[in-house]
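Participant: what would the 3D arrangement of this be:
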Amino acid sequence: MDQLKLVEAVSSNIKVNKSMAKRAVKSVIRNIVKHLKEDGKVSVSGLGVFRVKDTRPRMGRNPKTGESVQVPAGKRVGFRAGRKLKNYIKD
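Facilitator: Have a look, this model is predicted:
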């Protein structure tokens, strides 16, 4: 599901126009990103936990040339599904 379909689903579910639903979806996403930057962790009850993880520097490979390249340390976002979400998709 892309963001447009999510907006349409929110609009339909809570009976608001698409403009309001779009603002609500963008607000949720903006706040998740904001708190990941500030705290490094966002927990959404019934859904799961988003967490910022540090990556170590490592050696990688250029897929075009096969040449080894140094990949610098960085950050990535991980997601761990909560129990309710796991149970919903299990069925």
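
Participant: count of neighbours near residue 21?
Facilitator: A count of nearby residues for residue 21, using other CB atoms under 10 Å, gives 20. The way it works is simple: take the backbone N, C-alpha and C, and place the C-beta from them, glycine included.

Participant: so what's it scoring on pLDDT?
Facilitator: In the predicted model, residue 21 carries a pLDDT score of 97.

Participant: swap in the one 3 residues further on?
Facilitator: What the model reports for residue 24 is a pLDDT of 96.

Participant: go on, residue 91?
Facilitator: 68.

Participant: start at 47, not 1
Facilitator: In the new numbering, first residue 47, that becomes residue 137.

Participant: buried stuff in the longest helix belonging to the chain?
Facilitator: Scanning the chain for the longest helix, with DSSP state H as the assignment, gives helix 64-85. Within helix 64-85, the residues that count as buried by 16 or more other CB atoms under 10 Å are 67, 68, 71, 82.

Participant: now what about it, what contacts it?
Facilitator: For helix 64-85, contacts defined as CB atoms under 8 Å, 6 or more residues apart in numbering pick out 49, 52-54, 56-57, 60, 62, 87-88, 90, 96-98, 123.

Participant: quote the end-to-end distance of stretch 97-109.
Facilitator: Counting by CA to CA, to the nearest Å, you get 29 Å between the two ends of stretch 97-109.

Participant: now do that stretch: distance to the chain's middle.
Facilitator: 19 Å (CA atoms, centre = their mean, to the nearest Å).

Participant: repeat that for stretch 107-127.
Facilitator: So, by CA atoms, centre = their mean, the centroid of stretch 107-127 is 18 Å from its chain's centroid.

Participant: ends of it, how far apart?
Facilitator: 31 Å.

Participant: need the residues that contact that stretch.
Facilitator: Residues contacting stretch 107-127 (CB under 8 Å, 6+ apart): 82, 93-106.

Participant: and the residues you listed, which of them are in helices?
Facilitator: Going by DSSP H, the helices hold residue 82 from the contacts of stretch 107-127.

Participant: buried subset of the contacts of stretch 107-127, written for PyMOL?
Facilitator: Entered in PyMOL, the line below selects the buried ones among the contacts of stretch 107-127, by 16+ other CB under 10 Å:
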select buried, resi 82+94+96+97
